[in-house]
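Novice: Return a 3D structure for these sequence lines:
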Amino acid sequence: MAQHRTGKERLTLFSDGVFAVIITLLVLEMKPPDETTFGALLELWPTGLSYGVSYLFIAIVWVNHHHLFNFTESTTERVVWYNFAHLFAVSLIPFTTEWLAESRLAAAPASMYAVIFVFVNITYLALCWESVDRASQTNISRRVRRLFRMRSFITIGLFTAAAVLALWWPVAGISLICLCLVLYVRPDVPKATSAEG
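Specialist: Predicted coordinates:
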């Protein structure tokens with residue numbers, strides 16, 4: 001039991017460190033305007049918008065990641081590798097955020113931004129399957145398992161739609177991404193302590 005706790009804690013601490021680095025990289029990409037006027041600052045609204053959405057997304061991913069690991073009973077090889085895949089997907093957010101900001105919300109960067117969100121959700125779903133579906137039946141009800149999966153599939157579909165939509169209407173695609181984030185603001189699906197079907 002102590003060995004399991006140590007392995008889980010190491011994986012969680014490592015993941016927290018990666019999230020901290022990703023947020024640091026995100027803020028380092030923000031550059032002040034050349035001119036010292038509020039007008040020049042207002043012209044950087046695409047940078048502010050993309051930074052705000054990305055920061056919120058990373059925060060939501062971290063909260064959900066932390067919540068998911070409450071259900072993880074053992075750090076199997078699959079949990080470790082799915083976790084690395086998930087962190088890799090999240091680590092791409094600063095790159096697409098910068099591209100989106102510099103392009104001033106152009107179609108291709110906005111679409112790619114949504115594609116990264118799809119990738120993050122697919123890897124989260126894989127981690128969810130390994131952490132939640134393999135947990136003992138006494139810890140998590142079938143209803144909670146279904147809700148975890150359903151929410152992931154819905155957001156993968158919505159992020160995919162956002163990627164397609166952004167090719168014609170980038171702002172609409174970004175708006176749909178923001179709408180998707182609402183589904184994950186609260187990480188828990190109703191209390192996961194009973195084993196009711």
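Novice: lowest-confidence helix or strand of this structure?
Specialist: helix 2-28 (a mean of 84; mean pLDDT, DSSP states H and E).
Novice: now what about whatever helix or strand comes next after that one, what contacts it?
Specialist: Going down the chain from helix 2-28, the next helix or strand is helix 38-42, by DSSP states H and E. Applying CB atoms under 8 Å, 6 or more residues apart in numbering, the contact partners of helix 38-42 are Pro32, Pro33, Asp34. Bear in mind the C-beta positions are built from the backbone N, C-alpha and C, glycine included.
Novice: Now do helix 38-42: distance to the chain's middle.
Specialist: In terms of CA atoms, centre = their mean, to the nearest Å, the centre of helix 38-42 is found 30 Å from the chain centre.
Novice: I'd like to know which elements the helix or strand following that helix is packed against.
Specialist: Next in sequence after helix 38-42, counting helices and strands by DSSP H and E, comes helix 45-68. For helix 45-68, the packing partners by 3 or more CB pairs under 8 Å, 6 or more residues apart in numbering; DSSP states H and E come out as helix 2-28, helix 77-91, helix 93-102, helix 107-128, helix 170-182.
Novice: Distance of the one residue sitting closest to the centre of the chain relative to Leu44?
Specialist: Note on the chain: the residue nearest the mean C-alpha position is Val61, at 3.7 Å, using CA atoms, centre = their mean. Distance, Val61 to Leu44, using CB to CB, to the nearest Å: 25 Å.
Novice: now swap in Arg142 and tell me
Specialist: 49 Å.
Novice: So these two - more neighbours on which side?
Specialist: Leu44 (16 against 11; other CB atoms under 10 Å).
Novice: So which bits of the least confident helix or strand of the chain are buried?
Specialist: Gly7, Lys8, Leu11, Thr12, Ser15, Val18, Phe19, Ile22, Ile23, Leu26 (16 or more other CB atoms under 10 Å).
Novice: For the fifth one, which residues are in contact?
Specialist: Residues near Ser15 by CB under 8 Å, 6+ apart: His65, Asn83, Leu87.
Novice: could you redo the last one with a cut-off of 6 Å?
Specialist: By CB atoms under 6 Å, 6 or more residues apart in numbering, the contact set of Ser15 is empty.
Novice: how far away is it from Ser91?
Specialist: 11 Å.
Novice: With the first one instead?
Specialist: Going from Gly7 to Ser91 by CB to CB gives 22 Å.
Novice: With Thr36 instead?
Specialist: Applying CB to CB to Thr36 and Ser91 gives a distance of 34 Å.
Novice: Which residue of the two possesses the greater neighbour count?
Specialist: Ser91 (17 against 8).
Novice: which residues sit in contact with the more buried one?
Specialist: Ile22.
Novice: Could you check the pLDDT of it?
Specialist: You'll see Ser91 listed with a pLDDT of 96.
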